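K.L.:
Quick one, what's the 3D model for this:
(chains A and B)
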Amino acid sequence: MDIIKRNNVKISGKGTIPMLFAHGFGCDQNMWRYITPAFEASYKLVLFDYVGAGNSAVSAYNEERYANLNGYAQDVLEICHELRLSNVIFVGHSVSSMIGLLASIKEPALFDKLIMIGPSPCYINESEYNGGFEKKDIEELLATMDKNYIGWANFLAPAIMKNPERPDLGQELTESFCSTDPKIARQFAKATFFSDNRDDLAKVTVPSLIMQCSDDIIAPYEVGDYLHANLQNSTLKVLKATGHCPHMSEPEETANAMREYLRRQSA
Amino acid sequence: MTNWLDVAPCGYLSFKDDGSIVFLNKTLSGWLGVTDGELIGAKVEQIFTVATRIFYNTHFFPLLKLHGRAEEIFLTLRTKEKGDIPVMANSERRVEDGVALSHCVFMAIFQRQKFEEELLSARQEAETALKENKYLEELRATLETRTLALERQFQKQVVQHWNLTQFNKIVSHDLQEPIRKTLLFADILTRDLADSLTEKAMKSIDKIKKSSLRLKSLTSGLQQYLMVDSDNSHTDVDLNDVMEAAIRKVINGRGLKTLNLSYKPMPALRGYRAQLDLLFYHLFDNAVQFAHPDRPIFIDIKWVVSDENLYKMEKEKYVFVEHLRIRVSDNGIGFENDYKEYVTGLLNKLSPSTEGLGIGLSIITKVIHNHSGTLSIESKKDEGSTFTILLPTKIYDAPTPAGGF
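P.N.:
Take a look at the predicted model:
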């Protein structure tokens, strides 16, 4: 299948250096829209949806492939190959940070830098390691998702019916938002929250920026510190932005921190 | 005057984009067991269970931010005394005087929650049964097709094996004798009749000799290629031993003083030792053979262990298992990337003037395939070549009874 269609790849921007934006669990490429304008003038922006999210081709979904973050990393690598990208600045939110990291271990030559927003190599507490969650928390999350998807139409209804505040967004866009198939969303949640990539950190050679939010329950401070200590060539930036989605809640601070990092790295 | 919102029979909450609470009504503080004003300025996540906090961050907040509203969302509140209150939330995000506020109404749904849980578990059971049924049916259909395909494959293989045995015999015996004789008689001719032959005749005899020698080395190359499969019992292989043996063999075979390589100690691998010996020998020997005349050959070996799909041919199957990813780069003459398919073909050579047989890369490819691995080649003319080899760290003959690997 055509990879551009499969992953709903969208290219924009006036520059030549590619910036590849990978959305996190629970959303799609629309989540980037508050920070992409900051990079449009100087970069080639590549946005996409993972298979099963947004406007991707759901028919290409494969349960075995996407039960594992390596399957998602394959999506990233295939997009890079298809577009013949190299020296990619990979920007990943949440679980996509680890997906990008896995892709960079497999083909380090493709990547120039990894920018990770709210990353965590392992969400579940294990003896000395404090990931922030117990296994039962994740099981409860799956139940919460199930309950919200039971009236799946309800969950999506406001998005499809109208979008009075932002009429500019258009019908197609609003329909796509979060329109992940419930089963796919559940599997993505499992692949995400039960993943453990701590052993992979030492294999990374590409320089990285760890963007740590304040009061992020999904990726707490300790996790950011753990990543910074175990990733060579990493820079830790603590944002004032709170929560897990600084690119949506504080886009300006987020974009500035990214620009600052890119400027320092190239200086 | 009564503040109706405060005493309304539903929870009411307003918070900013950064999650800080600006208002909650008395009903909600009553539910949560907090005093008036206790939660003002606190993070909204505090009043949720851990699972709802994740859901808030991954779904609820993005939905509010991007769409301005989220309706009929199921959440679980956490009281100060660590009790759970299941609620249905309707919410809207509005920007007033430049400040964005999200307003939520919560309805407690203790009874409905039980009903929904029953509904959900019934649906899940039905879906599981349906899915298993569908899965089994698909499995049966696939099994039938596969068994038939396997049977045909078997029949073909019997014929192919017989062909191969015959071919092997021809290459290693039948062809050798006429070649030997041609060479012998050409030698006799030049030795005994050297004086009576014209210069032209001598040149022709010389050509016969050269061609026969070439034929001899081609058959020996074919024999080597066919021999690769004779090593078919796998063991735990120390790749460091393999590398050292390969380096020694190249140094001796090519009459070199040293071979410049860089690599860090390699992990062990389950594989066919004699085949892996051939793999590394030919990798290094190829690099030496195609060294750039302007610089001494240097081979850089990098490796990393990563999880890759075990299935290389079957497109819809995925089982991610540990693979060793080895990248062997040299600074040799390289070649145009367009030829990277061609060079792995048996006896294929890019330049007729080079002495090799065009057998090295075919053996490399064969060994990698025998290990269920893959090879990719990137090359730049005058700069060098990079061979990326992916090998599973174990040999997988069959899945475990549990269905996994």
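
K.L.:
Could you show which parts of the stretch 301-405 of chain B are in contact with chain A?
P.N.:
B:304, B:305, B:306, B:307, B:308, B:309, B:316, B:317, B:318, B:319, B:320, B:325 (CB under 8 Å from any CB of the partner chain). All C-beta atoms are positioned from the backbone trio N, CA, C, and that covers glycine.

K.L.:
And those residues, which two are furthest apart?
P.N.:
By the measure CB to CB, B:304 and B:316 form the most distant pair in these, at 27.0 Å.

K.L.:
When these two are compared, which one has more neighbours?
P.N.:
Neighbours around residue B:304 and residue B:316, counted as other CB atoms under 10 Å in any protein chain shown, are more numerous at residue B:304. The numbers are 17 against 9.

K.L.:
how about the more buried one, what does it touch?
P.N.:
A:105, A:203, B:325 (CB atoms under 8 Å, 6 or more residues apart in numbering or on different chains).

K.L.:
Three-state assignment for the last one, please.
P.N.:
Think residue B:325. strand (DSSP: H, G, I helix; E, B strand; the rest coil).

K.L.:
Just the pLDDT for the most centrally placed residue in chain B.
P.N.:
Centrality entry for chain B: nearest residue to the mean C-alpha point is residue B:308, 3.2 Å, by CA atoms, centre = their mean. What the model reports for residue B:308 is a pLDDT of 94.

K.L.:
Then the one 3 residues further on?
P.N.:
The predicted local distance difference test score for residue B:311 is 90.

K.L.:
Run a quick neighbour tally on it.
P.N.:
15.

K.L.:
List buried residues within the residues of the stretch 301-405 of chain B next to chain A.
P.N.:
Listed as buried from those are B:304, B:306, B:307, B:308, B:309, B:318, B:319, B:320, B:325; burial here means 16 or more other CB atoms under 10 Å in any protein chain shown.

K.L.:
what's near enough to touch the fourth one?
P.N.:
Taking CB under 8 Å, 6+ apart as the contact definition, residue B:308 lies against A:70, A:106, B:320, B:321, B:323, B:325, B:390, B:392.

K.L.:
go on, the second one?
P.N.:
Residue B:306 makes contact with A:70, A:102, A:105, A:106, A:200, A:203, B:322, B:323, B:325, according to CB under 8 Å, 6+ apart.

K.L.:
now residue B:10: how far from residue B:224?
P.N.:
Counting by CB to CB, to the nearest Å, the gap from residue B:10 to residue B:224 is 82 Å.

K.L.:
try residue A:10
P.N.:
Taking CB to CB, one finds residue A:10 at 52 Å from residue B:224.

K.L.:
Over to residue B:265?
P.N.:
29 Å.

K.L.:
Which one of these two is surrounded by more residues?
P.N.:
Neighbour tally, residue B:265 and residue B:224, criterion other CB under 10 Å: the higher count belongs to residue B:224, 16 against 9.

K.L.:
Which residue, other than its chain neighbours, is closest to the more buried one?
P.N.:
residue B:359 (6.2 Å; CB to CB, 6 or more residues apart in numbering or on different chains).

K.L.:
Is residue 12 bridged to anything, and to what?
P.N.:
With no chain named, the answer covers chain A. residue A:45 (DSSP bridges).

K.L.:
Can you look at chain B instead?
P.N.:
Judged by DSSP bridges, the bridge partners of residue B:12 are residue B:105.
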